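Novice: sequence below, structure please.
(chains A and B)
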Amino acid sequence: MKLWGQMLWGHLSGLRGRQGGIWGWACSTWQSHQPQAGPLSASGLVKHWTAVFEKRGIPEARESSEYIVAHVLGAKTFQSLRPVLWTQPLTAQQLQGIQELCNLRLQRMPVQYILGEWDFQGLTLKMAPPVFIPRPETEELIEWILEEVAQRPQAVGAQGSPLILEVGCGSGAIALSLLSQLPESQVIAVDKKEAAISLTRENAQRLRLQGRIQTILLDVTIEDSWTHLLPWGPMDLIVSNPPYVFHKDMEQLAPEIRSYEDAVALDGGEKGMDIISHILTLAPQLLKASGSIFLEVDPRHPELVSSWLQSRPDLCLGLVAVRKDFCGRPRFLHVQRFVP
Amino acid sequence: MPLMSTWGWFRSPELLARICTKTQGFGLQEKLALLSPGMAAFMVQIAGKKDFPALLPLNENELEEQSVKGHGPGGQATNKTNNCVVLKHVPSGIVVKCHQTRSVNQNRKLARKILQEKVDVFYNGEKSAVYKERQEAQKKKQERKKRAKETLEKKKVLKELWESSKNVSEERTADSDRMYCTAYKE
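Specialist: You can find the predicted model right below:
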């Protein structure tokens, strides 16, 4: 990998060309520390804060300073800034803004909370502690669901308008990205925390999707709580990124996660299966015949879920597929209800 | 059409197992066909000239991606913000680095789009649709620049004439006007 990394620089230099636009920008991060950029330019500030973060042991030092500086300059990423802005001196106001945000990073606050927003599947969502920050892997769960829905339109509601239940909606990432890419769909989004319900509602409104989402404060682990969902009728799909961290792994988590994100959104109990098993138990009561459940899980779960389902033949659920994430780890499960 | 096969889809590294059989549709246009460059160039030629000629599709098996890989347990247990995607097309050696958005998924899609365009130019050279579009855009830009320059020159000349005519006495105003008009017509 390292060898072709060095060759890569040669290729990029040769192919960059004089055109602006996305071609030039895509290859231009290498230029972010030009010698002619003064210390009070965007590039200079990134360089400065990267060094500060590194000295203080802050992970992702360069990425963090790039995101913060870009954000203050009104862009999502440093690379997407117009290159001319990299070298211009910043205003006093901008400098102060960067200072304040970088101080938060020095306290190990996650970048997403510092910026107060993050991107997911083409949507920009508001982020606020302690509501769980969407992970990049979960974007692939959306991709998989969209592929499945496209392939089997007959299995997702009359006139191809799936009714989807999301358990543990958090910031609304999963619910809203499905709504935005399945224009006929409707979502019931539940979470046991008021902060999450509130944030999902706010994001829905920002994205003008509030008309197709129902948010409900609900703890699915409480006995029979799922009966509250019956009035909305049987669902085509149940999706979830449930808390799946093994309890003993919780203390290994980085300070960014431990100190700022809600532990309840992460801790899945001894084998990370507590909430997963509750979702699978309530599924047959809420799903249509041949309805599907899509879950994000820990890589150790495919086997655990498989044996758990075998121990519960009464549920009439089968694990039909396992999908890997972009790191090559088994990360997503497709469980289907079958009619015996 | 035999050119679009579902090979690429079957060999997709993401799908680990399918336990029950399902009908495999052709629905996924993004899924990649196995095409040799020669075959692909032919495809470009036969595609209609009126609409967008198809770009050479990328074969996922010929790509190497270096994104947020292998750092820590991943998933909920990790919070990584490094969403930069580096994508290499192995047969040509072309590499694209994309960090346009904060969504790794979007960056992966963009990187593939950019890489597809670059690979197309690489194999098709001047015949590539991308190259042609770029040439046209550049030509238009140059024409606009030329016209803007000409307009600027004219304005400059007029201004100079106007300045000089102010200094001349009133009796000679008629002459200046004639001069003004002549210069303008030119």
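Novice: and the strands in the stretch 151-300 of chain A, which stretches?
Specialist: In the stretch 151-300 of chain A, the segments counted as strands under DSSP state E, counting those that start in this stretch are A:163-167, A:186-191, A:213-217, A:235-240, A:287-296.
Novice: now do the helix or strand harbouring A:Leu141: which elements does it pack against?
Specialist: Assessed by DSSP states H and E, A:Leu141 sits inside helix A:136-151. Counting contacts by 3 or more C-beta pairs under 8 Å, 6 or more residues apart in numbering or on different chains; DSSP states H and E, helix A:136-151 is packed against helix A:173-181, strand A:235-240, strand A:287-296, strand A:330-337, helix B:104-124. Bear in mind the C-beta positions are built from the backbone N, C-alpha and C, glycine included.
Novice: now do that helix and strand A:163-167, the angle between them.
Specialist: 160 degrees (axes from the mean of the first three to the mean of the last three C-alpha atoms, to 10 degrees).
Novice: quick check: mean pLDDT of helix A:136-151?
Specialist: For helix A:136-151, mean pLDDT is 95.
Novice: the lengthiest helix in chain B near chain A anywhere?
Specialist: Across chain B, the longest stretch assigned as helix under DSSP state H is helix B:129-167. Yes: applying C-beta under 8 Å from any C-beta of the partner chain, one finds helix B:129-167 in contact with chain A at B:Arg134.
Novice: before we move on, the earlier item: tell me what angle the helix holding A:Leu141 forms with strand A:287-296.
Specialist: Using the same axes, to 10 degrees: helix A:136-151 against strand A:287-296 is 150 degrees.
Novice: which parts of helix A:136-151 are buried?
Specialist: A:136-149 (16 or more other C-beta atoms under 10 Å in any protein chain shown).
Novice: same question for stretch A:243-254.
Specialist: A:243-246, A:249-250, A:253.
Novice: and for stretch B:76-95?
Specialist: Buried, per 16+ other C-beta under 10 Å, within stretch B:76-95: B:76-89, B:94-95.
Novice: near chain A, from these?
Specialist: Of the residues in the buried residues of stretch B:76-95, proximity to chain A by C-beta under 8 Å from any C-beta holds for B:76-84, B:86, B:88, B:94-95.
Novice: just to revisit the earlier point, tell me what angle the helix holding A:Leu141 forms with strand A:235-240.
Specialist: Between helix A:136-151 and strand A:235-240, the angle formed by their directions is 170 degrees, by the same axes, to 10 degrees.
Novice: tell me the angle helix A:136-151 makes with strand A:330-337.
Specialist: Going by the same axes, to 10 degrees, helix A:136-151 makes 40 degrees with strand A:330-337.
Novice: then helix A:136-151 to CSV, C-alphas only?
Specialist: Only the C-alpha atoms of helix A:136-151 are listed here, as CSV (Å, rounded to 0.1, in the frame of the first residue of the first chain):
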residue,chain,number,x,y,z
PRO,A,136,-20.1,5.8,8.4
GLU,A,137,-20.8,2.0,8.3
THR,A,138,-24.5,2.6,8.8
GLU,A,139,-24.7,4.4,5.4
GLU,A,140,-24.1,1.0,3.9
LEU,A,141,-27.1,-0.4,5.7
ILE,A,142,-29.2,2.2,3.9
GLU,A,143,-27.6,1.2,0.6
TRP,A,144,-28.5,-2.5,1.2
ILE,A,145,-32.1,-1.7,2.2
LEU,A,146,-32.5,0.4,-1.0
GLU,A,147,-31.2,-2.4,-3.1
GLU,A,148,-33.6,-4.9,-1.5
VAL,A,149,-36.6,-2.6,-1.9
ALA,A,150,-35.7,-2.0,-5.5
GLN,A,151,-35.4,-5.7,-6.2
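Novice: okay, and the helix or strand of the chain with the least pLDDT?
Specialist: Here I'm looking at chain A. helix A:21-26 (a mean of 43; mean pLDDT, DSSP states H and E).
Novice: actually chain B
Specialist: Going by mean pLDDT, DSSP H and E, chain B bottoms out at helix B:7-10, a mean of 34.
Novice: and B:Leu87, helix, strand or coil?
Specialist: strand (DSSP: H, G, I helix; E, B strand; the rest coil).
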